[in-house]
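**Student:** sequence first, then the predicted structure, then my questions.
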Amino acid sequence: MSLLYLHFESDERPGRVQKLARSGAHIIVAEPKWPGFWEIAKREKPVAVAVDFTHAPSHALETADYISKARETRETPLYLLRVPEDRLEMVQKRLPQAGIVTEAELAERLVQIEREAAARALEKKEAAATARRTAAAAKKAAKKGGVVPAKAPAKKTKAAAKPAAPERRKGAPAARKIAPKKKSKAARPPKQK
(Lines give C-alpha, C1' and ligand atoms only; values in the text may rest on other atoms or scores of the structure.)
Protein backbone atom coordinates (compact mmCIF):
# COMPACT_ATOMS: atom_id res chain seq x y z
CA MET A 1 0.00 0.00 0.00
CA SER A 2 1.43 3.38 -0.95
CA LEU A 3 0.44 7.01 -0.50
CA LEU A 4 1.56 9.71 -2.92
CA TYR A 5 2.35 12.74 -0.78
CA LEU A 6 2.72 15.98 -2.78
CA HIS A 7 4.55 18.69 -0.85
CA PHE A 8 7.13 21.29 -1.91
CA GLU A 9 10.67 20.78 -0.58
CA SER A 10 10.92 22.47 2.82
CA ASP A 11 12.34 21.98 6.32
CA GLU A 12 9.09 20.64 7.75
CA ARG A 13 8.49 18.03 5.02
CA PRO A 14 10.63 15.19 6.50
CA GLY A 15 8.84 15.41 9.86
CA ARG A 16 5.44 15.30 8.19
CA VAL A 17 6.45 12.31 6.10
CA GLN A 18 7.57 10.48 9.27
CA LYS A 19 4.19 11.11 10.92
CA LEU A 20 2.41 9.61 7.92
CA ALA A 21 4.84 6.69 7.73
CA ARG A 22 3.78 5.59 11.23
CA SER A 23 0.52 4.39 9.68
CA GLY A 24 2.46 1.60 7.99
CA ALA A 25 1.91 2.92 4.47
CA HIS A 26 4.73 3.33 1.99
CA ILE A 27 5.02 7.09 1.43
CA ILE A 28 6.07 8.32 -2.00
CA VAL A 29 7.11 11.96 -1.71
CA ALA A 30 7.11 14.31 -4.69
CA GLU A 31 6.71 17.97 -5.41
CA PRO A 32 3.44 19.04 -7.05
CA LYS A 33 5.20 20.07 -10.26
CA TRP A 34 4.05 19.00 -13.68
CA PRO A 35 4.79 16.39 -15.10
CA GLY A 36 6.81 14.82 -12.26
CA PHE A 37 3.92 14.12 -9.89
CA TRP A 38 1.77 12.83 -12.73
CA GLU A 39 4.37 10.35 -14.00
CA ILE A 40 4.80 9.02 -10.46
CA ALA A 41 1.04 8.69 -9.97
CA LYS A 42 0.65 6.70 -13.20
CA ARG A 43 3.65 4.47 -12.50
CA GLU A 44 3.10 3.74 -8.78
CA LYS A 45 -0.75 3.63 -8.74
CA PRO A 46 -1.05 4.69 -5.08
CA VAL A 47 -4.07 3.80 -2.96
CA ALA A 48 -4.45 7.49 -2.02
CA VAL A 49 -3.02 10.90 -2.90
CA ALA A 50 -2.40 13.67 -0.35
CA VAL A 51 -1.72 17.26 -1.42
CA ASP A 52 -0.24 19.67 1.12
CA PHE A 53 -1.33 23.32 0.73
CA THR A 54 1.39 24.81 2.99
CA HIS A 55 3.42 26.32 0.13
CA ALA A 56 1.79 27.79 -3.00
CA PRO A 57 -1.86 26.95 -2.22
CA SER A 58 -3.10 27.98 -5.68
CA HIS A 59 -0.59 25.64 -7.30
CA ALA A 60 -1.61 22.84 -4.90
CA LEU A 61 -5.26 23.42 -5.79
CA GLU A 62 -4.55 23.10 -9.52
CA THR A 63 -2.57 19.91 -8.87
CA ALA A 64 -5.38 18.41 -6.77
CA ASP A 65 -7.96 19.42 -9.39
CA TYR A 66 -5.97 17.70 -12.15
CA ILE A 67 -5.57 14.51 -10.09
CA SER A 68 -9.29 14.40 -9.32
CA LYS A 69 -10.27 14.68 -12.99
CA ALA A 70 -7.62 12.56 -14.74
CA ARG A 71 -8.78 9.18 -15.97
CA GLU A 72 -5.98 7.22 -14.25
CA THR A 73 -6.49 8.80 -10.79
CA ARG A 74 -10.17 9.74 -10.83
CA GLU A 75 -11.12 6.84 -8.52
CA THR A 76 -8.13 7.29 -6.17
CA PRO A 77 -9.04 8.85 -2.79
CA LEU A 78 -7.74 12.43 -2.57
CA TYR A 79 -6.85 14.10 0.74
CA LEU A 80 -5.93 17.75 1.25
CA LEU A 81 -3.72 18.91 4.12
CA ARG A 82 -3.45 22.42 5.63
CA VAL A 83 -5.90 24.22 3.35
CA PRO A 84 -5.87 27.97 4.20
CA GLU A 85 -9.07 29.38 5.70
CA ASP A 86 -9.45 31.96 2.90
CA ARG A 87 -9.46 29.17 0.26
CA LEU A 88 -11.51 26.61 2.13
CA GLU A 89 -14.86 27.46 0.49
CA MET A 90 -13.40 27.53 -3.03
CA VAL A 91 -11.63 24.19 -2.46
CA GLN A 92 -14.81 22.55 -1.21
CA LYS A 93 -16.76 23.76 -4.27
CA ARG A 94 -14.08 22.71 -6.73
CA LEU A 95 -13.16 19.40 -5.08
CA PRO A 96 -16.23 18.10 -3.22
CA GLN A 97 -14.95 14.50 -3.27
CA ALA A 98 -11.62 15.39 -1.61
CA GLY A 99 -11.27 15.05 2.13
CA ILE A 100 -9.72 17.95 4.06
CA VAL A 101 -7.80 16.25 6.87
CA THR A 102 -4.92 16.55 9.31
CA GLU A 103 -1.94 14.18 9.34
CA ALA A 104 -3.43 12.21 12.25
CA GLU A 105 -6.76 11.78 10.45
CA LEU A 106 -4.99 10.80 7.24
CA ALA A 107 -2.90 8.21 9.12
CA GLU A 108 -6.12 6.72 10.57
CA ARG A 109 -7.72 6.57 7.13
CA LEU A 110 -4.63 4.88 5.70
CA VAL A 111 -4.85 2.22 8.42
CA GLN A 112 -8.52 1.71 7.55
CA ILE A 113 -7.72 1.46 3.81
CA GLU A 114 -5.03 -1.13 4.63
CA ARG A 115 -7.52 -3.21 6.66
CA GLU A 116 -10.07 -3.10 3.84
CA ALA A 117 -7.44 -4.11 1.29
CA ALA A 118 -6.33 -7.01 3.51
CA ALA A 119 -9.96 -8.13 3.92
CA ARG A 120 -10.51 -8.06 0.13
CA ALA A 121 -7.31 -10.03 -0.42
CA LEU A 122 -8.42 -12.63 2.14
CA GLU A 123 -11.84 -12.93 0.45
CA LYS A 124 -10.19 -13.50 -2.93
CA LYS A 125 -7.86 -16.11 -1.43
CA GLU A 126 -10.76 -17.94 0.22
CA ALA A 127 -12.81 -17.84 -3.00
CA ALA A 128 -9.89 -19.33 -4.96
CA ALA A 129 -9.44 -22.08 -2.34
CA THR A 130 -13.16 -22.89 -2.46
CA ALA A 131 -13.04 -23.10 -6.26
CA ARG A 132 -10.06 -25.48 -6.11
CA ARG A 133 -11.81 -27.70 -3.54
CA THR A 134 -14.99 -27.78 -5.64
CA ALA A 135 -13.06 -28.71 -8.78
CA ALA A 136 -11.18 -31.47 -6.93
CA ALA A 137 -14.43 -32.85 -5.49
CA ALA A 138 -16.07 -32.85 -8.93
CA LYS A 139 -13.11 -34.66 -10.44
CA LYS A 140 -13.14 -37.25 -7.65
CA ALA A 141 -16.90 -37.78 -8.03
CA ALA A 142 -16.51 -38.19 -11.78
CA LYS A 143 -13.81 -40.84 -11.33
CA LYS A 144 -15.91 -42.67 -8.74
CA GLY A 145 -18.96 -42.68 -11.00
CA GLY A 146 -16.97 -44.00 -13.94
CA VAL A 147 -17.36 -40.82 -15.91
CA VAL A 148 -14.13 -39.48 -17.24
CA PRO A 149 -13.97 -35.67 -17.05
CA ALA A 150 -13.67 -33.92 -20.39
CA LYS A 151 -10.13 -33.17 -21.43
CA ALA A 152 -8.72 -30.97 -24.10
CA PRO A 153 -8.53 -32.82 -27.42
CA ALA A 154 -5.16 -34.46 -28.00
CA LYS A 155 -3.12 -33.79 -31.12
CA LYS A 156 -4.16 -35.91 -34.05
CA THR A 157 -1.72 -38.56 -35.23
CA LYS A 158 -1.63 -39.94 -38.76
CA ALA A 159 -3.61 -43.00 -37.69
CA ALA A 160 -6.22 -40.90 -35.95
CA ALA A 161 -6.47 -38.52 -38.89
CA LYS A 162 -7.76 -41.28 -41.25
CA PRO A 163 -11.49 -41.77 -41.25
CA ALA A 164 -12.66 -45.05 -39.78
CA ALA A 165 -13.90 -47.73 -42.18
CA PRO A 166 -17.64 -48.34 -42.05
CA GLU A 167 -18.65 -51.42 -40.09
CA ARG A 168 -19.54 -54.54 -42.11
CA ARG A 169 -22.58 -56.57 -41.44
CA LYS A 170 -22.03 -60.25 -40.87
CA GLY A 171 -22.45 -62.23 -44.01
CA ALA A 172 -22.26 -59.21 -46.27
CA PRO A 173 -19.58 -59.26 -48.96
CA ALA A 174 -16.67 -56.88 -48.52
CA ALA A 175 -16.93 -53.75 -50.55
CA ARG A 176 -14.63 -53.69 -53.54
CA LYS A 177 -12.47 -50.75 -54.18
CA ILE A 178 -12.83 -49.43 -57.66
CA ALA A 179 -9.69 -47.92 -59.10
CA PRO A 180 -10.01 -44.76 -61.16
CA LYS A 181 -9.86 -45.23 -64.92
CA LYS A 182 -6.55 -44.51 -66.54
CA LYS A 183 -6.52 -42.19 -69.46
CA SER A 184 -5.05 -43.61 -72.59
CA LYS A 185 -2.39 -41.75 -74.51
CA ALA A 186 -4.64 -41.49 -77.53
CA ALA A 187 -7.29 -39.64 -75.58
CA ARG A 188 -4.87 -36.98 -74.47
CA PRO A 189 -4.71 -33.78 -76.48
CA PRO A 190 -1.38 -33.13 -78.22
CA LYS A 191 1.11 -30.90 -76.46
CA GLN A 192 1.42 -27.50 -77.96
CA LYS A 193 4.80 -25.95 -78.50
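**Tutor:** Right, received. Where do you want to start?
**Student:** look up how far Ser2 lies from the residue most central in space within the chain.
**Tutor:** Geometric centre of the chain, nearest residue: Lys45, 11.5 Å, by C-alpha atoms, centre = their mean. For Lys45, the distance to Ser2 equals 8 Å [C-beta to C-beta, to the nearest Å]. (Each C-beta comes from the backbone N, C-alpha and C, glycine too.)
**Student:** could I get the full set of helices for the protein?
**Tutor:** 13-21, 36-44, 57-69, 88-94, 103-144, 158-161 (DSSP state H).
**Student:** now the fifth one and helix 13-21, what's the angle there?
**Tutor:** It stands for helix 103-144. 40 degrees (axes from the mean of the first three to the mean of the last three C-alpha atoms, to 10 degrees).
**Student:** now helix 103-144, how far from the chain's geometric center?
**Tutor:** When distances are taken as C-alpha atoms, centre = their mean, to the nearest Å, helix 103-144 is centred 16 Å away from the chain's centroid.
**Student:** now that helix: average pLDDT?
**Tutor:** For helix 103-144, mean pLDDT rounds to 87.
**Student:** show me what it is packed against.
**Tutor:** Judged by 3 or more C-beta pairs under 8 Å, 6 or more residues apart in numbering; DSSP states H and E, helix 103-144 is in contact with helix 13-21, strand 48-52, strand 78-81.
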